[in-house]
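**Student:** coords please:
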Amino acid sequence: LAEEGLKKLEVIFEKPGYSTLLFIPLAHVFARFVEVLALIKGIPMGHTPDTKEAVGDMATFQPTLLLSVPRIWEKVYTAAELKQGKGLKRNLFRWAARVGISYSRALQTPEGPGAGLKAQHKLADKLVFSKLRALLGGRLEWTISGGAPLGERLGNFYQGIGLNMLEGYGLTETTAPTNVNLPRKARMGTVGPPLPGTEIKIADDGEILTRGIGVFEGYHNNPDATAEAIKDGWFHTGDVGSMDADGYLTITGRKKEIIVTAGGKNVAPAMLEDPLRSHPIISQVVVVGDQKPFVAAIITLDAETLPRWLETHDLPEMSVADAARNDTVREHIQMAIDRANRKVSRAESIREFRILDDDFTLDNNMLTPSMKVKRHVVHKEYANVIEEIYAGDPRTS
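**Tutor:** Numbering: from 1, shown residues only. Below you'll find the model as predicted:
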């Protein structure tokens, strides 16, 4: 399987001196896939188990290829923005980020970037992007994101600063990637076309189905689960998505995570959660509202970025719990929600939110090893918070 994948990804490993750094557990199927690729090509491989040390480890190891989950890319972006402080430097970073995103989007069009955008990008590279690449070790060329949707904006940002961002998709049941964006042909917001030996199709209800050499034969000693997952030779992934005419796959969410409001509106949580997590002090978001009259959100704050954010906004030091109740902090969270709501219809928009005193972590069993939120655990642990959100609405009585 790895050798077949290597046919499409050869350029990532071709140069002498290449190395790779993994930020996900070595037992994760995606990590194992890249481990085998690295062994085949004989390149050095590093691993860091602590995501809090992500930027420092990149600077020390100086990888040319980085495999990680979206949460790492979000934290790197946030750290880079907050490092600018306030005033001119922060405005310069935000301008450069907009230029980088526009430049990357233009690269994916037949016309390409125009002369004006090229000039802006060259200036942004000199003033901002070159420094950011140095922060990431100075040698990073290729980045692969998997385990959860990266988001079109974040993917374009990293491609815009001069990295080759490839987003992929796969599951344990498919022996890691079924799809991955191809070098020089990446389309941000998608997970690319199927790898050799893999077929993908979209069911009538939008579920992604796959079959091929990497798909498992069934669950161990569990024929009922196997029969439910594999029908007519196709593995039902449980993910929902769409595929364009060129076979590039876009993931919109998990089938089981789709919220159906009391009014019958289908809501894909990722459409709201992904843009909210790009805010510097937001760590995690869980959108709720299944069989409820409106959509709401449970939000946690990032204890690592909060102190610097408070400083840049001329606010005193405070704990996460105090920040959760601070009027200025809540106003900024509401503004972030308002921006996210513009991407969806009114029926899908977030009407209420609650900020928790604690974050979701591996230690409290709220996150998976690939940094995805365990929604069922959150719903159970914070059932009282969710109930309180809707308690005052007569439509829930």
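**Student:** what kind of secondary structure is the nearest residue to A268 once chain neighbours are set aside in?
**Tutor:** Using C-beta to C-beta, 6 or more residues apart in numbering and skipping residues adjacent in sequence, the residue nearest A268 is G253, 4.0 Å away. C-betas here are computed from N, CA, C, even on glycine. Assigned by DSSP: H, G, I helix; E, B strand; the rest coil, the conformation of G253 is strand.
**Student:** where does G253 land on pLDDT?
**Tutor:** On pLDDT, G253 comes in at 86.
**Student:** and if you look at R395?
**Tutor:** For R395, the predicted pLDDT is 48.
**Student:** Equivalent analysis for E141, please.
**Tutor:** With respect to pLDDT, E141 scores 92.
**Student:** Is it in contact with L163, as I believe?
**Tutor:** Yes: assessed by C-beta atoms under 8 Å, E141 is found in contact with L163 at 6.9 Å.
**Student:** More neighbours: which of these two?
**Tutor:** L163 (20 against 16; other C-beta atoms under 10 Å).
**Student:** Now the more buried one: closest residue in space, sequence neighbours ignored.
**Tutor:** Among residues not flanking L163 along the chain, T143 sits closest, at 5.2 Å (C-beta to C-beta, 6+ apart).
**Student:** part of a helix, is that neighbour?
**Tutor:** No: looking at T143 with three-state DSSP, it is strand, so not inside a helix.
**Student:** hey, what's it bridged with?
**Tutor:** L66, M165 (DSSP bridges).
**Student:** Please tell me how far it sits from N181.
**Tutor:** For T143, the distance to N181 equals 11 Å [C-beta to C-beta, to the nearest Å].
**Student:** got it, and P316?
**Tutor:** According to C-beta to C-beta, P316 and N181 sit 45 Å apart.
**Student:** which of those two has more neighbours?
**Tutor:** When P316 and N181 are compared for neighbours, N181 comes out ahead with 26 against 8, by other C-beta under 10 Å.
**Student:** quick one: contacts for the more buried one?
**Tutor:** Listed by C-beta atoms under 8 Å, 6 or more residues apart in numbering, the contact partners of N181 are M165, L166, E167, G168, R187, T190, V191, G192, Y248.
**Student:** Distance of the last one relative to G189?
**Tutor:** Distance of Y248 to G189, given as C-beta to C-beta: 9 Å.
**Student:** How about T328: what's its closest non-neighbour residue?
**Tutor:** T328's closest residue in space is L315 (C-beta to C-beta, 6+ apart), at 6.1 Å.
**Student:** tell me the SS of the one you found?
**Tutor:** L315 ends up coil, using three-state DSSP.
**Student:** Run through the residues that contact it.
**Tutor:** Residues in contact with L315 (C-beta under 8 Å, 6+ apart) are N326, T328, V329.
**Student:** ok, so what distance separates the nearest residue to K374 once chain neighbours are set aside from I258?
**Tutor:** Nearest non-adjacent residue to K374, counting by C-beta to C-beta, 6+ apart: M366, 5.8 Å away. Computed as C-beta to C-beta, the M366 to I258 distance reads 21 Å.
**Student:** Look at these two and report which has more neighbours.
**Tutor:** Set M366 next to I258 and count neighbours by other C-beta under 10 Å: M366 wins out with 20 against 17.
**Student:** Tell me which helix or strand comes right after the stretch of helix or strand T328 belongs to.
**Tutor:** Secondary structure assignment for T328, by DSSP states H and E: helix 327-341. Downstream of helix 327-341, the first helix or strand assigned by DSSP H and E is strand 350-355.
**Student:** Could you please name the strands that following strand pairs with and the direction of each pair?
**Tutor:** strand 295-301 (parallel).
**Student:** Would you pull up how far the strand it pairs with lies from the middle of the chain?
**Tutor:** The chain centroid and the centroid of strand 295-301 are separated by 17 Å under C-alpha atoms, centre = their mean, to the nearest Å.
**Student:** which other residues reach that strand?
**Tutor:** 259, 261, 267, 272-273, 276, 281-289, 320, 323-324, 329, 333, 337, 348-356, 358-360, 378, 382, 385-386, 389-390.
**Student:** now those: which count as buried?
**Tutor:** Neighbour counting with 16 or more other C-beta atoms under 10 Å marks 259, 261, 267, 272-273, 276, 281-289, 320, 323-324, 329, 333, 337, 348-353, 355-356, 359-360, 378, 382, 386, 389-390 as buried within these.
**Student:** dump the residue contacts of the closest residue in space to A54 that isn't next to it in sequence.
**Tutor:** Nearest residue to A54, sequence neighbours excluded (C-beta to C-beta, 6+ apart): I72, at 5.3 Å. Listed by C-beta under 8 Å, 6+ apart, the contact set of I72 reads F23, T51, A54, M371.
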